[in-house]
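Engineer: here is a sequence with its predicted model. Questions after.
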Amino acid sequence: MVDRGNVMFMGTVESTGETSTLRIFTEFCPALLGIERYSHLIVLYWFHLRDNPEHRKTLQVTPPRHEGAPLTGVFACRSPSRPNPIGVTVVKLERIDGCKLMVSGLDALEGSPIVDLKPYNPDSDSVPEAEVPGYMRHL
């Protein structure tokens, strides 16, 4: 394993619900310039409740929310137990209030540290012809 330094958290999930709040730390607030021009964002966050040696050693799981799913490598599913507990989700940007982003569609827990934000671009972030295993199609 190669250590490339520390990941910096730039904010936290302050609240969750139909509309969730992402609080960006003051020192990273200037990085939000222009983000209001996008309707959707990609949020990378830290599975903080799975950041322990036991969960970081997990390499295979049976996806629990997918009936009939086989034993699967964590790189072939979205398990929060993985060597680097990084989550990713696409959200709709509802509004901005200073360094707080109100979003809908967040798939993260309250208190989850935010690793990065990226604008969602349907031209490059969407692959309509992408293939997935049959057990994933019911979602």
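Structural biologist: Nice, thanks for sending it over.
Engineer: C-alpha only now, for contacts and for neighbours.
Structural biologist: OK.
Engineer: ok, residue 117 - contacts?
Structural biologist: If you count contacts by Cα atoms under 8 Å, 6 or more residues apart in numbering, residue 117 has them with 41, 42, 43, 44.
Engineer: part of a strand, is it?
Structural biologist: Yes - Residue 117: assigned to a strand according to DSSP: H, G, I helix; E, B strand; the rest coil.
Engineer: okay, it and residue 66: tell me how far apart.
Structural biologist: Note on residue 117: its distance to residue 66, by Cα to Cα, to the nearest Å, is 28 Å.
Engineer: quick one: which of the contacts of residue 117 is nearest residue 33?
Structural biologist: Closest approach to residue 33 among those (Cα to Cα): residue 41, at 13.6 Å.
Engineer: and whichever strand or helix holds that closest one, what's its mean pLDDT?
Structural biologist: Per DSSP states H and E: residue 41 is located in strand 40-46. Average pLDDT, strand 40-46: 98.
Engineer: what's the following helix or strand after that strand?
Structural biologist: Downstream of strand 40-46, the first helix or strand assigned by DSSP H and E is helix 53-56.
Engineer: got the CA coordinates for that following helix in CSV?
Structural biologist: Coordinates of the C-alpha atoms in helix 53-56 are reproduced here as CSV (Å, rounded to 0.1, in the frame of the first residue of the first chain):
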residue,chain,number,x,y,z
PRO,A,53,-9.6,-2.0,10.8
GLU,A,54,-12.4,-4.6,10.6
HIS,A,55,-14.4,-2.8,7.9
ARG,A,56,-11.3,-1.7,6.0
